[in-house]
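Visitor: A structural model of the following input is requested.
(2 chains)
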Amino acid sequence: MSLVLRNLQKAVPLRRARLRRDVETLRQIFGIQKFDLGLICVDNRRIQRINGIYRGMKMPTDVLSFPFYEDMETGKPPGHLRGEELNLGDIFLGVEYIMDQCRDESRDFHSILPVMVAHGICHLLGYRHETEEELTQMFQREKHILNEFSRLTGNQLEPLTKTDGYDR
Amino acid sequence: MLKSLTRMVSTAARLSTRTTAGSWARALEPFGRPALCVPNSATTRPFTRSIWMMRNSGSTSGYRPTLLSSSRDIPSVSCGCGGLHTEGDKAFAEFLSDEIKEEKKIKKHQSLPKMSGGWEIDLNGTEAKLIRTLAGEKVSVTFNINNSIPPNFEEEAEQGQKDAENEPEILSTPNFVVEVAKQASNTSLVFDCHYPEDEASHGEGEEESDIFAIREVSFQPIGDGDWKETSYTLNTDSLDWALYDHLMDFLADRGVDNTFADELIELSTALEHQEYISFLENLSGFVKCQ
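Guide: All right, here's what the predicted structure looks like:
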């Protein structure tokens, strides 16, 4: 199934082909190629609005996930259990926010996007990081995925989820 | 909203004036001086000419107490243009004068906004061409402001009436054609682009379409005015997404990206408004025979 990529912002120049290639690689590693996935790139204004509406946090952020199925078993793609619509949901990337962070930390913007998407996909697969146990579980999955991504692409990427606490 | 409504009113006024003019014409024309005037429109010329012929032929065929000799109290024509002047025309001209003042008052730009990135603009009526040369490649973007305001605007305008403070802004979102020509080639790569109308954007405001999208891609001969229909045309409806993304990146590398598309809306909106005011002024001059 397909990856639907939308670029709704003009704050950051986006290399669409590279982003698609990287996300397709992630989809293969996660084993979710047969699911539809939406990836929407937005600016600070829009991600702040979405963050405010759905999480009550009126501030921009880097990544927000909206699973198609909400009550799923952690880590297992929905199709395994239901045989229903093969759709994982949507990930909103706050690319302006991410770019600002990259500037602050002198990191390459396009190299960091797979880290954000891997984090977002984990949420679509039911991972959470509200408890210590959930945090560890999500970190391990992200770590495994990004290690494999790094092996395939030659990049060295670390999970967005941190074991010392991550609350997003 | 104001513009949309006033446009509708203008149309109505024009229709009613035309109807009135049609019914008054037979009574008014005999007092004109058609033989001395230069008729200034195709619609008035045949009729004035026929009246003139009636008057001349009347002198040879005896007294004709019909139109030409009527002594009824009919308003006189005050200018020598040969055109008709009615009370409706007068009201129409006054209305247009007010409308032009209003439109000039809300005009955002005194001159057309510049596009960033070194684009040169070439105007031909309602058509604009933006040209940029990059390392031996010539990139041109052509658009026409006619019919460039989405039809759903009127619906939004009606909703906007409820809240005058939040009057919706009229935006011109024309289709545009990007041509990329390389020095060594006699063909150019042509992208037919548009601004997607997103249904979702009229609801919660969470539109999910790209700012602009490529509809078709083809090769066309450089300098040939006619579109070559026999050239293979790549339609993006059923395109491999990866290829589509490469095409979008190709355009972005040549300065046609979301920033460009956003500035194009601003330019096109300003040009559309400028042409609208110019049209109203021409219309006013035409009605007043100036």
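Visitor: anything in the longest helix along chain B near chain A?
Guide: Among the segments of chain B that qualify as a helix by DSSP state H, the longest is helix B:258-288. Yes: between helix B:258-288 and chain A, judged by CB under 8 Å from any CB of the partner chain, the touching residues are B:258, B:259, B:261, B:262. Yep, even glycine has a C-beta here, placed from its N, CA and C like the rest.
Visitor: report the buried members of those.
Guide: Burial by neighbour count, 16 or more other CB atoms under 10 Å in any protein chain shown: within the residues of helix B:258-288 next to chain A this picks out B:258, B:259, B:261.
Visitor: for those, which one is nearest residue B:82?
Guide: Nearest to residue B:82 out of those is residue B:261 (CB to CB; 48.6 Å).
Visitor: isn't that closest one up against residue B:195?
Guide: Yes: between residue B:261 and residue B:195 there is a contact under CB atoms under 8 Å: 7.3 Å.
Visitor: identify the contacts common to these two.
Guide: Jointly contacting residue B:261 and residue B:195 under the rule CB atoms under 8 Å, 6 or more residues apart in numbering or on different chains are B:211, B:212.
Visitor: next SSE downstream of the one helix or strand in chain A whose mean pLDDT sits lowest?
Guide: In chain A, no helix or strand scores lower on mean pLDDT, DSSP states H and E than helix A:79-82, which sits at a mean of 57. For helix A:79-82, the following helix or strand on the C-terminal side (DSSP states H and E) is strand A:87-94.
Visitor: what's that next one in contact with?
Guide: Contacts to strand A:87-94, defined as CB under 8 Å, 6+ apart, come from residues A:1, A:32, A:35-44, A:47, A:50, A:60-69, A:77-78, A:113, A:116-117, A:120-121, A:124-125.
Visitor: do the same with stretch A:137-147
Guide: Against stretch A:137-147 from outside (CB under 8 Å, 6+ apart): A:26, A:29-30, A:74-75, A:114-115, A:118-119, A:121-122, A:127-129, A:157-163.
Visitor: any of those residues buried? List them.
Guide: A:26, A:29-30, A:114-115, A:118-119, A:121-122, A:127, A:129, A:157, A:159-161.
Visitor: before we move on, the earlier item: in helices, which of the contacts of strand A:87-94 appear?
Guide: Residues of the contacts of strand A:87-94 located in helices (DSSP H): A:44, A:47, A:50, A:113, A:116, A:117, A:120, A:121, A:124.
Visitor: of those, list those near chain B.
Guide: residue A:50.
Visitor: ok so, going back, rebuild the buried ones among the residues of helix B:258-288 next to chain A as JSON lines, extending it with pLDDT.
Guide: Shown next, in JSON lines, are those (pLDDT from 0 to 100):
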{"residue": "B:258", "pLDDT": "97"}
{"residue": "B:259", "pLDDT": "96"}
{"residue": "B:261", "pLDDT": "97"}
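Visitor: next, format the residues you listed as TSV and append distance to residue B:177.
Guide: Below are these laid out as TSV (distance: CB to CB, whole Å):
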residue	distance to residue B:177
B:258	18
B:259	19
B:261	13
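Visitor: what's the separation between the spatially closest residue to residue B:290 that is not a sequence neighbour and residue B:84?
Guide: Distance criterion CB to CB, 6 or more residues apart in numbering or on different chains; nearest residue to residue B:290, sequence neighbours excluded, is residue B:284 at 7.8 Å. Applying CB to CB, to the nearest Å, the value for residue B:284 to residue B:84 is 16 Å.
Visitor: more neighbours: these two, which one.
Guide: When residue B:284 and residue B:84 are compared for neighbours, residue B:84 comes out ahead with 23 against 18, by other CB atoms under 10 Å in any protein chain shown.
Visitor: which SSE is that one in?
Guide: Residue B:84 belongs to no helix or strand, assigned by DSSP H and E.
Visitor: residue B:247 now?
Guide: With secondary structure defined by DSSP H and E, residue B:247 is part of helix B:241-253.
Visitor: that helix near chain A anywhere?
Guide: Yes: with CB under 8 Å from any CB as the measure, helix B:241-253 is seen reaching chain A through B:241, B:242, B:245, B:246, B:248, B:249, B:252.
Visitor: for those residues, which one is nearest chain A?
Guide: residue B:245 (3.7 Å; CB to the nearest CB).
Visitor: so who does the spatially closest residue to the closest one that is not a sequence neighbour touch?
Guide: In space, and not counting its chain neighbours, residue B:245 is closest to residue A:16: 3.7 Å by CB to CB, 6+ apart. Under the criterion of CB under 8 Å, 6+ apart, the neighbours of residue A:16 are A:5, A:7, B:245, B:246, B:248, B:249.
Visitor: distance check, residue A:63 against residue B:280.
Guide: For residue A:63, the distance to residue B:280 - CB to CB - is 50 Å.
Visitor: which strand or helix spans residue B:234?
Guide: Per DSSP H and E: strand B:233-235 holds residue B:234.
Visitor: sheet-wise, list the partners of that strand with their directions.
Guide: strand B:213-221 (antiparallel) (DSSP bridges).
Visitor: can you map out the helices along chain B?
Guide: B:2-28, B:45-60, B:87-105, B:153-161, B:241-253, B:258-288.
Visitor: so which bits of the last one are buried?
Guide: In other words, helix B:258-288. B:258-261, B:263-276, B:280-281, B:283-284, B:287-288.
Visitor: name the helices or strands packed onto it?
Guide: helix B:2-28, helix B:87-105, strand B:127-134, strand B:137-144 (3 or more CB pairs under 8 Å, 6 or more residues apart in numbering or on different chains; DSSP states H and E).
Visitor: distance between the ends of stretch A:145-159?
Guide: Stretch A:145-159 has its terminal residues 9 Å apart, counting by CA to CA, to the nearest Å.
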